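A.B. asks: A structural model of the following input is requested.
(chains A and B)
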Protein chains: 2
Amino acid sequence: MLLADGRELIHFDRDSSPARDVEDKRDLEPRGDAPALRHDPLLDEWVSVAAHRLGRTFLPSPDDCPLCPTRPGYLTEVPSDDYDVVVFENRFPSFVGGPVAQPATLGLFEHHPAWGRCEVVCFTPDHDASFADLDHDRARLVIEAWADRTTELSATPGVEQVFVFENRGEAIGVTMRHPHGQIYAYPFVTPTTRSQLDSAGRHLAATGRNLYDDIVAAEVADGSRVVLSSEHWVAFVPFAARWPVEVHLYPRRRVPDLAALTEAERDDLADVYLDLLRRGDAFFGIPLPYIAAWHQAPVTDRRDLGALHLELFSVQRSADKLKYLAGSESAMGSFINDREPEAIAERLREVAPR
Amino acid sequence: MLLADGRELIHFDRDSSPARDVEDKRDLEPRGDAPALRHDPLLDEWVSVAAHRLGRTFLPSPDDCPLCPTRPGYLTEVPSDDYDVVVFENRFPSFVGGPVAQPATLGLFEHHPAWGRCEVVCFTPDHDASFADLDHDRARLVIEAWADRTTELSATPGVEQVFVFENRGEAIGVTMRHPHGQIYAYPFVTPTTRSQLDSAGRHLAATGRNLYDDIVAAEVADGSRVVLSSEHWVAFVPFAARWPVEVHLYPRRRVPDLAALTEAERDDLADVYLDLLRRGDAFFGIPLPYIAAWHQAPVTDRRDLGALHLELFSVQRSADKLKYLAGSESAMGSFINDREPEAIAERLREVAPR
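C.D. replies: Sure thing, here's the model as predicted:
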């Protein structure tokens, strides 16, 4: 269905046919200009310049949360009075609209509309919950939504990479507390993914093997940084972890994206992911601010080299201190971690939920 | 001279011969183990794991600031009772010691001691000042210290890149308020510099010209993002600025590093740099948290392609809001800027000091 300003909204429900197709009665202004995508010639990276986002919603109270279901007298982004999991286009997108022709070579001041798509994924109608509070069935439904949107967005012309993620906590800059994640459909391969694929390409040329496969196998064999393993998944702190809390989660069978997971792998993931998030909250005994980033193989560029995996990390250094990205990290991309990866893994193992 | 635990300290003075050679009477524990440098095989980047830094000094009051001169009854990092500008080795370094042999090919779990050097540069003995408060002569002396240390550290075996920077403000994670900067002598070329040089190499191959030269010329010709220009320097907001406040400063004559600047260029820089920092504080009318990052050409790797320039930027979005690096930036390296580069430049021009 479409919201009042033409944005798409999609319900994902446990039951097959609840009545969700309720009209959006709000009087919304049409969406403004698309942001611009500017090319940085020094780093060969695209930057989205989205000036309208400065005015976006900031830490609304539960009484005026736009992600809660609509109530009598209060109209939100979700017109129906209940939902299980719901996905809709972001009202303040960094990427929006269809593809624009691009020149073959890039000048110093190259720019065009920031096409692509930004979606919001509401995990539950419960404003005060967090992902770690969900039960298996709802977590499983979120995974279904992620996989479904990945398929749909990957088939959208111009989309080069689908990024499923959750920012959680004010320390990460989250402006709305209602439990939700996001999906970005980028019109380019992101710098981090490009760099990983470059490494994977060199590794393949040197060894004939896939880099991700070799890393997972080496971490399992070593064991000192493994946090958990299940029938279909294995989680470990990477050897060169950048963050005071960081863990990577891989399916045992390499797949390009969430859509390629089997039913059994998705079922198992619901449990394993909830387990990991609960360990995160137990790490310092506070609700952990985190970024949960699903790395998926690009839609076309070197797709066979890529590997679905989760990189979950936090800026929290202790119960009351944060890690900041200062000069070495922000300006030079060179990370300094104050905690040994093996110590992170040990802590994540010892706080396993009973 | 050497501090009690063997670290080097160097005074830079306006007058040629004040008596600064005072013994460090503290009973300091010897420095602990060197941090480890671990190679991340996914991104082909080195991460310094410096566990001892978790215990470092955090926001000391002026009464126990280790960067103030020593007073009767209170012994600090600077044994003398006064200084103009002083540089010493960081007590909690991310890089320390001399080079270690490295294998020709890197395995998946490659690591060695994090050799290199981390220095602290105290800009003034005045605990409550900031760089923008310095007078021309002292700013000029700081530049002299930066240039001198760049020469010295570049000649140190194993050092591949010398990074002069200042983190300013608690929003950047600064743990000591006393006005100071830092110098990192890295044993590798940092990811950001490597990426810039890759772009510069491609540009040279395609055009026969230097990328930095072409960017400066294009920005000057366009003019819409130029903030200031002087006899020897030009400052502009980059076309694809990533931060809500960002400005780059280049000498008109391309040089590899601060040490290569002439006397006239250094004199001019003192004024221009103070001017820029004061505009930063006027931007929102608050002391601006910032990272001032001096990009210098690497010591050996593609040194002829590199260009000294300053990248000065802030996470401040408004007088009371910060920009956070959330999923797109932190996990995928893809930046979204809420403010147009031309609007940043306009604001930086209109707040010019009288």
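A.B. asks: Tell me who's in contact with the residue in the stretch 251-354 of chain A that chain B sits nearest to.
C.D. replies: Nearest residue of the stretch 251-354 of chain A to chain B, counting by CB to the nearest CB: A:Tyr324, 2.5 Å away. (Glycine included, C-beta is placed from N, CA and C.) For A:Tyr324, the contact set (CB atoms under 8 Å, 6 or more residues apart in numbering or on different chains) comprises A:315, B:171-173.
A.B. asks: Same list (those residues) but as JSON lines, adding neighbour count and distance to A:Asn90.
C.D. replies: Converted to JSON lines, those look like this (neighbours: other CB atoms under 10 Å in any protein chain shown; distance: CB to CB, whole Å):
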{"residue": "A:Val315", "neighbour count": "23", "distance to A:Asn90": "23"}
{"residue": "B:Ala171", "neighbour count": "16", "distance to A:Asn90": "26"}
{"residue": "B:Ile172", "neighbour count": "20", "distance to A:Asn90": "29"}
{"residue": "B:Gly173", "neighbour count": "20", "distance to A:Asn90": "29"}
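A.B. asks: For A:Gln296, state which of those residues is nearest.
C.D. replies: The closest of those to A:Gln296 turns out to be A:Val315 (CB to CB; 23.4 Å).
A.B. asks: That closest one against A:Trp243, yeah?
C.D. replies: Yes: shown here, A:Val315 and A:Trp243 form a contact pair, counting by CB atoms under 8 Å, at 6.8 Å.
A.B. asks: where do the contact lists of these two overlap?
C.D. replies: Shared contacts of A:Val315 and A:Trp243, defined by CB under 8 Å, 6+ apart, are found at A:Lys323.
A.B. asks: Does the closest residue to A:Leu325 other than its chain neighbours belong to a helix, a strand or coil?
C.D. replies: Counting by CB to CB, 6 or more residues apart in numbering or on different chains, the nearest residue to A:Leu325 once its immediate chain neighbours are dropped is B:Leu325, at 6.3 Å. Classification of B:Leu325 using DSSP: H, G, I helix; E, B strand; the rest coil returns coil.
A.B. asks: give me the number of residues near B:Leu325?
C.D. replies: Neighbours of B:Leu325 under the rule other CB atoms under 10 Å in any protein chain shown: 21.
A.B. asks: measure it to A:Ile291 for me?
C.D. replies: Distance check for B:Leu325 against A:Ile291: by CB to CB, to the nearest Å, it reads 9 Å.
A.B. asks: what does A:Thr105 give?
C.D. replies: Look at A:Thr105 and A:Ile291: by CB to CB, they are 35 Å apart.
A.B. asks: Same question for A:Leu9.
C.D. replies: Plainly put, A:Leu9 is 25 Å away from A:Ile291 if you go by CB to CB.
A.B. asks: out of the two, which sits in the busier spot?
C.D. replies: Under the neighbour definition other CB under 10 Å, A:Leu9 and A:Ile291 were set side by side, and A:Ile291 has more, 25 against 21.
A.B. asks: ok so, going back, the contacts of A:Tyr324 in strands, which ones?
C.D. replies: In strands, judged by DSSP state E, none of the contacts of A:Tyr324 are found.
A.B. asks: The residues you listed into CSV, with extra columns for distance to B:Ala270 and pLDDT?
C.D. replies: What follows is the contacts of A:Tyr324, written out as CSV (distance: CB to CB, whole Å; pLDDT from 0 to 100):
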residue, distance to B:Ala270, pLDDT
A:Val315, 36, 95
B:Ala171, 26, 87
B:Ile172, 23, 86
B:Gly173, 27, 84
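A.B. asks: which one of those is nearest B:Asp84?
C.D. replies: B:Ile172 (25.3 Å).
A.B. asks: how about the strands in the stretch 1-150 of chain A?
C.D. replies: In the stretch 1-150 of chain A, the strands defined using DSSP state E, counting those that start in this stretch lie at A:9-12, A:36-40, A:45-49, A:85-89, A:111-113, A:117-122.
A.B. asks: Out of the ones you listed, which gets nearest to B:Gln196?
C.D. replies: Closest approach to B:Gln196 among the strands of the stretch 1-150 of chain A (CB to CB): strand A:36-40, 9.9 Å.
A.B. asks: which other residues reach the closest one?
C.D. replies: With CB under 8 Å, 6+ apart, strand A:36-40 has contacts from A:45-49, A:95, A:106, A:109-115, A:187, B:238-240, B:242, B:341.
A.B. asks: give the contact list for A:Asp133.
C.D. replies: A:Asp133 makes contact with A:124, A:126, A:179, according to CB under 8 Å, 6+ apart.
A.B. asks: what kind of secondary structure is the closest residue to A:Leu42 other than its chain neighbours in?
C.D. replies: Nearest residue to A:Leu42, sequence neighbours excluded (CB to CB, 6+ apart): B:Gln196, at 5.1 Å. Assigned by three-state DSSP, the conformation of B:Gln196 is helix.
A.B. asks: do the one 5 residues further on as well
C.D. replies: Classification of B:Gly201 using three-state DSSP returns helix.
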